[in-house]
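K.L.:
Please find the sequence and the predicted model below.
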Amino acid sequence: MPQSLSVVYLHLIFSTKDRRPCFRDPTLRQSLHRYIGAVSKRIDCPSIQVGGVEDHVHVLARVGRTITQAEWVKELKRVSNQWLKAQGAEHANFAWQGGYAVFSVSQSNLERVRAYVARQEEHHRKLSFQDELRALLRRHGVEWDERHVWD
């Protein structure tokens, strides 16, 4: 086949360092989500939905065929960290957690995951970030060690 084709959808989740509630301001949070979506598109991973609450972000995107998921995440975190620090002195010490969780999404589940990411504020009225991540890890059959998940 002379042409390389790829359709891979990923659901990425990452948190602020120590799950600090850095995005309580809804205007800042929405701007951050738009910025992350724009950065993802620029690196050939167009986002379908970006959402989250005061301590973490979800990104649903179609990942380009020339970038690894680790490179994608590293660039999103790096550039958004710089952007946040430029938003004011109150963000001077901002940091993302070291790790992340990423899950594959089938074409048939795309709309369900998009809606899930879009409804993060409603979802987290009842559930903490930690409980949400544990549930997603269980649903996807991922084994984890609690000592190494939260930083």
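P.N.:
Okay, I see it.

K.L.:
Am I right that Ala61 sits in a helix?
P.N.:
No. Ala61: not assigned to a helix; according to DSSP: H, G, I helix; E, B strand; the rest coil it is strand.

K.L.:
Which secondary structure state is assigned to Leu12?
P.N.:
Under three-state DSSP, Leu12 falls in the strand class.

K.L.:
Quick check: Ser106 touching Tyr9?
P.N.:
Yes. The pair Ser106 / Tyr9 is scored as a contact, 7.5 Å apart, by C-beta atoms under 8 Å. (C-beta placed from N, C-alpha, C; glycine too.)

K.L.:
those helices in this protein, which residues are they?
P.N.:
26-42, 69-85, 110-118, 120-123, 129-139 (DSSP state H).

K.L.:
hmm, back to that, comparing Ser106 and Tyr9, which residue is more hemmed in?
P.N.:
Using other C-beta atoms under 10 Å, the more surrounded residue of Ser106 and Tyr9 is Tyr9, with 18 against 9.

K.L.:
show me the contacts for the more buried one.
P.N.:
Tyr9 sits next to 48, 60-63, 104-107, 110, 113 when contact means C-beta atoms under 8 Å, 6 or more residues apart in numbering.

K.L.:
List only buried entries from those.
P.N.:
In the contacts of Tyr9, burial by neighbour count holds for 48, 60-63, 105, 110, 113, counting by 16 or more other C-beta atoms under 10 Å.

K.L.:
Turn those into a markdown table, including pLDDT and distance to Lys74.
P.N.:
Below are the buried ones among the contacts of Tyr9 laid out as a markdown table (pLDDT from 0 to 100; distance: C-beta to C-beta, whole Å):
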| residue | pLDDT | distance to Lys74 |
| --- | --- | --- |
| Ile48 | 98 | 20 |
| Leu60 | 98 | 18 |
| Ala61 | 98 | 14 |
| Arg62 | 97 | 18 |
| Val63 | 96 | 13 |
| Val105 | 97 | 20 |
| Leu110 | 97 | 24 |
| Val113 | 96 | 22 |
